[in-house]
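1. Quick one, what's the 3D model for this:
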Amino acid sequence: GSPNAAAMEQSIRNIIAVYNDLLPTTGNLRPSQLPGQVDFESVALHELGHCIGKAHVNLASESGLGEPDRNYTKSTDGVNDGTTTPGNFDLNTGVDGTRGSRDDIRGDDNNLFWFRNLNNNPFTMDYSTIDSTTYSRDLSNLPAGDSYAANGDWDVADSELATPNTEAVMQQGSFFTETQRTLTHDGVATLRYAMSGADEIEGTADDYTFQLNFATSGCDINMSFDDGQTGFAVCQTSAAVNNDVYARIASANAYFNTGYNWHFNTATPCTETVNLVQNQWLMFSPACYLGISTGNTVADILGAGLDYGVDVVILEYDAVSEAYVQLVESSEIVTGGGYFVYTNEAGRTLDIDGQFNGSPDMPLTGAGTPMSGGRFNLIGHPYDFDVPWSEVQIVDGANVEALAAAVSDEDISRTYYVWNGSSYDPFVDTTPGMVGTLTPGMGIWVEAYKPGIRLRVPSTGPASPSPTGPSSLAGESRIETVASARSKKLAQKVDGEGSWFVRVIAESGALRDAGNVFGQLVESSDGPDIHDIKELEPFSNPHLSVVFPHEEWGETTWGYASDYHAATRKPSGEWVFAVRGSEPFAEVTLKLEGPAEILKKGNLRDLESGKQVKLADGSYTFDMASDVHYFSFRLRRK
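-> Predicted coordinates for the structure are as follows:
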């Protein structure tokens, strides 16, 4: 009998699934998704939180305060108030000027917010234990230097905790245009704390779990539109109190007002089509949040018409056992997971439909050192928009570090790898020509050295992402576009600082490798340095790749994807590279792209035939007599 009853249903089913999933994410706020509208699903996610016992994380409107003071962390006003009127909270932003942050000065205001003892950061979580041993409301348990509990406010996330486009679901305040449909770490930790039971210790007999289910009658929680109950949205609850200490929800009714331009999510706004290549392995990751409004199994994304295990297979990688595992049709495809897929049929696709992702903290198995080698993890980019690799973060216990700091600490490699169907393309954070950008649907290999760390992708993409994902995962085209722009920029500096690079591309039929560069950099040396990026041995046959061998360096048997020498006053030097294949290939085409003055002055020689190569139309076609063919490129100093 409620207005909008049919329109509400999909969103309510979605938020039920989100709470049952209890997946902590960052980047859960999309500020400009719905111009002129209020997102019902986002508001209902907040109200359902109230209906199962969660309070606001900020002072909110019940404090009697106006904006922006409502954004201070949830508390009572303490014993020094002495009045029955609101507004006598002790409010001081501290040095940072941000309300709700860790240096607020709040006098004797009694904190009501459960914070993580180790770091007072609501956008991290203790994944192993959440109870009174790891979380507290007592300010004496704050980390040294903190004066008050930090809450999950958007400004706190962005300006203080390097977590853009993120806000706790239980932060009061919904705005036109924004969507907020996944939980953050604080929202998950609060529920898990409650689930530790009356003794507030996880793992004891009074622990409990919860399961939300959808129904149209006989509900414990009722949701409806009723203008007589609220001016916007509210959940009215009653509680049964036990021993004057603990309470449980006895009844809950959420109401919404019809007087707003509500957006009802009745579809799957995130779609991704992955074009498969016949008889070729492809890495992928879901750019959509599966298992909320759609299924999340192998069978769900493959659809009908394929005989799994015969026509198509999907692999994941177990970093602990260092072995591939073939999934079964009931296996779940998860946000942040990386996978290999193979089909022997032409024209096949993976059609992935779901909701917009937040970014989970992806666990990495680590061991070893940069010298001895670490553990490789197959994970994926969680968003439907691009994020530069240089901006990813590493979560190490209570600490959240930038990639560069984690690399310096030897926790993780600065390189990630993508299988392009022919070879592995390595990408890094700063090396010209090799700078990586995570794109929708991309599965990646990450090498970790420290156990127990997690990789986080911050939401630095556009406020209004495209409504659909890519039609294919064409990594090479992106490589060349970025490389071409960078080549032109560096070409202007050849006679200045001496930095430049040339891209080497090899292709034969459907096989193609474009992820290789050589050149000179001011910060490089003629020996191995951080700008000489190792290439992984190919994943499968057939394969074709370009490598810079450097067996004399003794660190890799396959080769390097980049080879930078020290910069000289005028460009000079020699670079030897090889085209390597799984077998001899006829008609392999070689292309060099870079600054015109470098290519014009350079001497490219086919070391197998001994002849100098004329790059007619920028390419050279040759036959490989064996599985390796060597070339040299020389610039003579004049």
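2. What does the pLDDT read for residue 570?
-> pLDDT recorded at residue 570 is 89.
3. Residue 468 now?
-> pLDDT, residue 468: 31.
4. So which residues of this protein form helices?
-> 5-21, 40-51, 154-155, 185-194, 298-302, 403-408, 475-491, 596-601 (DSSP state H).
5. Point out the one among those helices that comes closest to residue 529.
-> Residue 529 lies closest to helix 403-408 among the helices of the chain, at 14.2 Å (Cβ to Cβ). For glycine as for every other residue, the C-beta is placed from the backbone atoms N, C-alpha and C.
6. how about that closest one: buried residues?
-> Across helix 403-408, burial judged by 16 or more other Cβ atoms under 10 Å covers 403, 406-407.
7. which helices and strands does that helix pack with?
-> Counting contacts by 3 or more Cβ pairs under 8 Å, 6 or more residues apart in numbering; DSSP states H and E, helix 403-408 packs against strand 393-396, strand 412-419.
8. The helices of the chain into CSV, with extra columns for distance to residue 504?
-> Below are these laid out as CSV (distance: least, Cβ to Cβ, whole Å):
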stretch, distance to residue 504
helix 5-21, 45
helix 40-51, 49
helix 154-155, 46
helix 185-194, 44
helix 298-302, 36
helix 403-408, 26
helix 475-491, 11
helix 596-601, 11
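9. Show me the residue sitting in the middle of the protein in space.
-> The centre of the chain sits closest to residue 457, judged by Cα atoms, centre = their mean, with a distance of 3.3 Å.
10. Please tell me how far it sits from residue 390.
-> Applying Cβ to Cβ, to the nearest Å, the value for residue 457 to residue 390 is 12 Å.
11. What number of residues are in the vicinity of the residue nearest to residue 207 when sequence neighbours are not counted?
-> Counting by Cβ to Cβ, 6 or more residues apart in numbering, residue 207 lies nearest to residue 197, which is 5.0 Å off, once chain neighbours are set aside. Other residues within reach of residue 197, judged by other Cβ atoms under 10 Å, total 17.
12. With the one 4 residues further on instead?
-> As a burial measure, residue 201 scores 14 neighbours (other Cβ under 10 Å).
13. Now the terminal residues of stretch 283-290, how far apart.
-> One end of stretch 283-290 sits 18 Å from the other (Cα to Cα, to the nearest Å).
14. circling back: and among the helices and strands packed on helix 403-408, the most buried is which?
-> Greatest average neighbour count among the helices and strands packed on helix 403-408 goes to strand 412-419 (a mean of 24), per mean count of other Cβ atoms under 10 Å.
15. Tell me which other helices or strands that strand touches.
-> If you count contacts as 3+ Cβ pairs under 8 Å, 6+ apart, strand 412-419 packs onto strand 282-284, helix 403-408, strand 424-427, strand 443-448.
16. Tell me which of the ones you listed lies nearest to residue 591.
-> strand 424-427 (15.8 Å).
17. Considering helices and strands only, name the one in the protein with the lowest mean pLDDT.
-> Here the helix or strand of the chain ranked lowest by mean pLDDT, DSSP states H and E is helix 475-491, holding a mean of 39.
18. wait, what's in contact with residue 91?
-> 69, 72, 99, 104, 106 (Cβ atoms under 8 Å, 6 or more residues apart in numbering).
19. Next, the contact list for the third one, please.
-> For residue 99, the set of contacting residues under the criterion of Cβ under 8 Å, 6+ apart consists of 68-69, 71-72, 91, 93, 153, 155.
20. 10 Å instead?
-> Applying Cβ atoms under 10 Å, 6 or more residues apart in numbering to residue 99 gives the contacts 58-59, 67-73, 91-93, 151, 153, 155-156.
21. repeat for the fourth one
-> Residues in contact with residue 104, defined by Cβ under 10 Å, 6+ apart, are 72-73, 75, 90-94, 96, 98, 146-151, 156.
22. Recalculate using a threshold of 7 Å.
-> 72-73, 92-94, 147-148 (Cβ atoms under 7 Å, 6 or more residues apart in numbering).
23. re the thing from before, please convert the contacts of residue 91 to CSV, extending it with distance to residue 279 and pLDDT.
-> CSV is the format used below for the contacts of residue 91 (distance: Cβ to Cβ, whole Å; pLDDT from 0 to 100):
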residue, distance to residue 279, pLDDT
69, 63, 95
72, 61, 97
99, 58, 98
104, 61, 98
106, 65, 96
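24. next one: phi and psi at residue 268?
-> With angles defined as degrees, to the nearest 10, residue 268 sits at phi -110, psi 100.
25. Now for the contacts of residue 99: which two are most distant?
-> Farthest pair in the contacts of residue 99 (Cβ to Cβ) is 67 and 92. Separation: 17.1 Å.
26. hang on, the earlier thing: which one of the contacts of residue 104 is nearest to residue 431?
-> Nearest member of the contacts of residue 104 to residue 431, counting by Cβ to Cβ, is residue 94, at 40.3 Å.
27. Using ChimeraX, define a selection of the buried residues within the contacts of residue 104.
-> A single ChimeraX command selects the buried members of the contacts of residue 104 (16+ other Cβ under 10 Å):
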select :72,73,93,94,148
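28. taking the contacts of residue 104 one by one, which sit in strands?
-> Nothing among the contacts of residue 104 maps onto strands, per DSSP state E.
29. returning to what we had before: can I get the helices and strands packed on helix 403-408 in JSON lines with mean pLDDT?
-> JSON lines is the format used below for the helices and strands packed on helix 403-408 (pLDDT from 0 to 100):
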{"stretch": "strand 393-396", "mean pLDDT": "98"}
{"stretch": "strand 412-419", "mean pLDDT": "97"}
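30. could you redo those strands as TSV and give each row distance to residue 537?
-> Formatted as TSV, these follow (distance: least, Cβ to Cβ, whole Å):
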stretch	distance to residue 537
strand 393-396	26
strand 412-419	11
